[in-house]
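*Asks:* based on what follows, work out the 3D shape:
(one chain, ligands or ions: 2)
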Amino acid sequence: MKRIKDYLSGQPEKDVVVKGWVRTKRGNKNVAFIALNDGSTINNIQVVCDLQHFDEALMKQITTGACLCVQGDLVPSLGSGQAVEVQARNIEVYGTADPETYPLQKKGHSMEFLREIAHLRPRTNTFGAVLRIRHAMAFAIHKFFNDKGFFYLHTPLITASDCEGAGEMFQVTTLDLDNLPRTEEGKIDYSQDFFGRQTSLTVSGQLEGELGATALGSIYTFGPTFRAENSNTPRHLAEFWMVEPEMAFYDVNDLMDLEEEFIKYLVQYALDNCQDDLAFLNKMIDPELIARLKSVVSTEFVRLTYTEGIRILEASGQKFEFPVAWGVDLQSEHERYLVEKHFGKPVILTDYPKDIKAFYMKQNDDGKTVRGTDVLFPKIGEIIGGSEREASLEKLNRRIEELKMDTTNLWWYLDTRRFGTCPHSGFGLGFERLLLFVTGMANIRDVIPFPRTPKTAEF
Ligand code: 4AD
Ligand code: MG
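*Replies:* Numbers count the residues shown, from 1 in each chain. Ligands and ions are numbered 1, 2, ... in the order given. Below you'll find the model as predicted:
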């Protein structure tokens, strides 16, 4: 079945059928022009109706949001807006949309209002564009890794371990919350829970990803991850998608090369394959979008240690909401100062203090820092978090002890270091953070179809 995108880029032809939703209808007493959209492209096809051939009752049903099946001929357009249009012979109204109650009328709506009708917002130009770009980026991610010989590994969503150790997990249980089974000490008896233990939704597929990398060489996972952090910001979701490659035999420099190549590939893919949607977003949402995308693919990212980054921030004379000093976790205001004000391009920060990073990162000889890398982007702040992994069982165990971590559920992870351990590295790219950058949208709630944030799980 041909779609509107095919017709718009094709040649005039007789006897075509187009189906889609009405965006607008205008005209006079002799002729009506209907702009029809089927989601295949941001562009509408113009349907021309000679009103002599259509009865008034039918035309009345054709209002914004109605769904139509139009039969006619695809002919060269006399108007200036399009090369071809459909001269309608017959119209079937699949579904009407009452103008009194259909919320998406012609006028522009605020993003906040559109979030309240997230079930309908994919029918707007903006969300259509964002969702098509989202698809293109997901496809490009698989293509990038497949072309490099990485294997797509499906890591579990339900887990008994906390990869990041931040305790921000959503519990998964089938226990009766009104009548919890208790042990003799009065604790909840998870042995009676579905999995016979306490389980949660995963915050990251990394730990299982490392199992894959130490067998298949290079793998990636790409799936939903969950964080029960109470962060109400334009950059945090409780459910977001993460791309996590993990590579045996990569050191931290190989890792940074891959991070940079990967993001540039995705941005270039969008520039090459999403032109109409990007042009629309550039016009309506962010006039610097396309220029910013082009600048990222053509510039070399800055690589700098955390310690040097702190020095620059301290010397900046800038008043930050959160004061800077060696050892603090960088806030988005700090990251954006480095990227937007100081360097004017993406920055990869390395060698973070071990106390603000997760247990698995490779320890440097200074005893204070680890081989973590965060990729910082204009407008976004952190877009990637990654590291070389600690390959030594002894060092890893020592760190685990320092952090007083419970290792009962990590024995299998430690086996990677016990049997044939190897240097390896990996990273996690927040898929929605990438989409914020590529679409120019300002709020992460507007680059995922149905956002989950504190106190919101509608749709
Ligand atoms: O820096 P994070 O927490 O790193 C990890 O989870 C590692 N296990 C990844 C790895 O090395 N395999 O998260 C990685 C990325 C962040 O850089 C950010 O882009 C995104 O995930 N992210 C979020 N995106 C949206 N909402 C949130 N609440 C996010 N938390 C992290
Ligand atoms: Mg991080």
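*Asks:* the stretch 101-250 of the chain against ligand 1: which residues are in contact?
*Replies:* 163-164, 204, 206, 227, 236-237, 240, 242, 244 (C-beta under 6 Å from any ligand atom). Backbone N, C-alpha and C define where each C-beta goes, glycine included.
*Asks:* those residues into a markdown table, with extra columns for pLDDT and secondary structure?
*Replies:* What follows is those, written out as a markdown table (pLDDT from 0 to 100; DSSP: H, G, I helix; E, B strand; the rest coil):
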| residue | pLDDT | secondary structure |
| --- | --- | --- |
| C163 | 87 | coil |
| E164 | 89 | coil |
| S204 | 97 | coil |
| Q206 | 98 | helix |
| R227 | 97 | coil |
| H236 | 97 | coil |
| L237 | 98 | coil |
| F240 | 98 | strand |
| M242 | 98 | strand |
| E244 | 98 | strand |
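*Asks:* who wins on neighbours among these?
*Replies:* Greatest neighbour count in these, by other C-beta atoms under 10 Å, goes to Q206: 29 neighbours.
*Asks:* how about it, what does it touch?
*Replies:* For Q206, the contacting residues are 163, 244, 246, 360, 426, 428, by C-beta atoms under 8 Å, 6 or more residues apart in numbering.
*Asks:* kindly recompute the last result at 6 Å.
*Replies:* 163, 244 (C-beta atoms under 6 Å, 6 or more residues apart in numbering).
*Asks:* hmm, back to that, reformat the residues of the stretch 101-250 of the chain next to ligand 1 as JSON lines; add distance to F459.
*Replies:* Below are these laid out as JSON lines (distance: C-beta to C-beta, whole Å):
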{"residue": "C163", "distance to F459": "28"}
{"residue": "E164", "distance to F459": "28"}
{"residue": "S204", "distance to F459": "25"}
{"residue": "Q206", "distance to F459": "29"}
{"residue": "R227", "distance to F459": "20"}
{"residue": "H236", "distance to F459": "19"}
{"residue": "L237", "distance to F459": "14"}
{"residue": "F240", "distance to F459": "16"}
{"residue": "M242", "distance to F459": "21"}
{"residue": "E244", "distance to F459": "27"}
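*Asks:* residues near the residue nearest to I285 when sequence neighbours are not counted, how many?
*Replies:* Spatial nearest neighbour of I285, excluding adjacent residues (C-beta to C-beta, 6 or more residues apart in numbering): G440 at 4.9 Å. By the criterion of other C-beta under 10 Å, G440 has 21 neighbours.
*Asks:* I figured G440 hits P287, correct?
*Replies:* No: using C-beta atoms under 6 Å, G440 is not in contact with P287, being 8.8 Å away.
*Asks:* quick revisit: where's the residue nearest to I285 relative to ligand 1, distance?
*Replies:* Using C-beta to the nearest ligand atom, to the nearest Å, G440 is found at 17 Å from ligand 1.
*Asks:* can I get stretch 217-232 in CSV, CA atoms only?
*Replies:* What follows is stretch 217-232 as a C-alpha-only set of coordinates in CSV (Å, rounded to 0.1, in the frame of the first residue of the first chain):
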residue,chain,number,x,y,z
GLY,A,217,33.9,-9.7,22.4
SER,A,218,31.7,-6.7,21.6
ILE,A,219,28.0,-6.4,22.4
TYR,A,220,25.4,-3.7,23.0
THR,A,221,22.1,-3.6,24.7
PHE,A,222,19.4,-1.1,23.9
GLY,A,223,16.3,-1.1,26.0
PRO,A,224,14.3,0.6,28.7
THR,A,225,15.9,1.3,32.1
PHE,A,226,14.2,2.6,35.2
ARG,A,227,15.2,5.1,37.9
ALA,A,228,13.2,5.9,41.0
GLU,A,229,15.0,9.2,41.5
ASN,A,230,12.8,12.1,42.4
SER,A,231,14.3,14.4,39.8
ASN,A,232,11.8,16.8,38.2
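*Asks:* A325 looks like it's in a strand, true?
*Replies:* No: per DSSP: H, G, I helix; E, B strand; the rest coil, A325 lies outside any strand segment and is coil.
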